[in-house]
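Novice: Sequence and computational prediction follow.
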Amino acid sequence: MAEKTAEKGEVAVAERTEDANKASMRTAETLLRLLPLGLCVAALVVMLNNSETNDFGSVFYSDLGAFKYLVHANGVCAAYSLLSAVVTAVPRPFTMSRAWTFFLLDQLFTYVIIAAGAVSTEVVYLAYNGDKDISWSEACGSFGGFCQKATASVSITFIVVVCYISLSLISSYRLFTRYDPPSTNSNKAATELGRFQS
């Protein structure tokens, strides 16, 4: 009788420890999903306020398609970060459909923000260096403040990229650990290979 009571006590302690671990993992993932929200908003605000007027003319972020895409991508990713953090924070069982949804959306938004950062980096590079082969002179000599803000926004965006890559790795791990590894029955594989070659 005492052994059964001790065994039940050990099971209860193990269940409480597992529940505490799940809660701490959920909290950590929620915070990791909230981090890109602040960074996306910061990159978005820096770029939205990016304009300069001087004797050479004026330039606004909206004059360049790459920067408009960067603003929109940061806005959409910020909204997704908020939504996914709220869904993650609510304690619910982690189903296969939920795992697939997080996996696909994390992948999608990772690629969206990588594309925004890459195309904006190219524009910033051309603004600083120009392209001598086709007679484009650099613009940052004349619009230094504009270039500095653009560089800051793009740099923040690449920090967001690192966060989204981390989230993508977590969601892919969560999804694919739910599947069993393929069986390694070599006899069956040899039979199938023989049928294939005939």
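Specialist: Noted; the coordinates are in hand.
Novice: alpha carbons only for contacts and neighbour counts from here, please
Specialist: Noted.
Novice: need the helices for the chain, in chain order.
Specialist: Remark: helices assigned in the chain by DSSP state H are 2-48, 65-89, 96-129, 144-176, 186-197.
Novice: of all those, which lies closest to Val59?
Specialist: Closest of the helices of the chain to Val59 is helix 144-176, at 7.7 Å (criterion: Cα to Cα).
Novice: which other helices and strands contact the closest one?
Specialist: For helix 144-176, the packing partners by 3 or more Cα pairs under 8 Å, 6 or more residues apart in numbering; DSSP states H and E come out as helix 2-48, strand 51-54, helix 96-129.
Novice: Kindly compare burial across these and name the winner.
Specialist: Most buried of the helices and strands packed on helix 144-176, by mean neighbour count (mean count of other Cα atoms under 10 Å): helix 96-129, with a mean of 18.
Novice: Tell me what angle that helix forms with helix 65-89.
Specialist: Here helix 96-129 points in a direction 150 degrees away from that of helix 65-89 (axes from the mean of the first three to the mean of the last three Cα atoms, to 10 degrees).
Novice: Of the helices of the chain, give the one that comes closest to Gly57.
Specialist: Of all the helices of the chain, helix 144-176 sits nearest to Gly57, with 12.2 Å by Cα to Cα.
Novice: Give the buried residues for the closest one.
Specialist: 146-147, 149-151, 153-154, 156-161, 163-168, 171-172, 174-175 (16 or more other Cα atoms under 10 Å).
Novice: Check stretch 64-72 too.
Specialist: So, applying 16+ other Cα under 10 Å, buried residues of stretch 64-72: 66-71.
Novice: pLDDT and distance to Trp100 added to those, as CSV?
Specialist: As requested, the buried residues of stretch 64-72 are exported to CSV (pLDDT from 0 to 100; distance: Cα to Cα, whole Å):
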residue, pLDDT, distance to Trp100
Ala66, 90, 31
Phe67, 91, 31
Lys68, 93, 30
Tyr69, 95, 27
Leu70, 94, 27
Val71, 95, 28
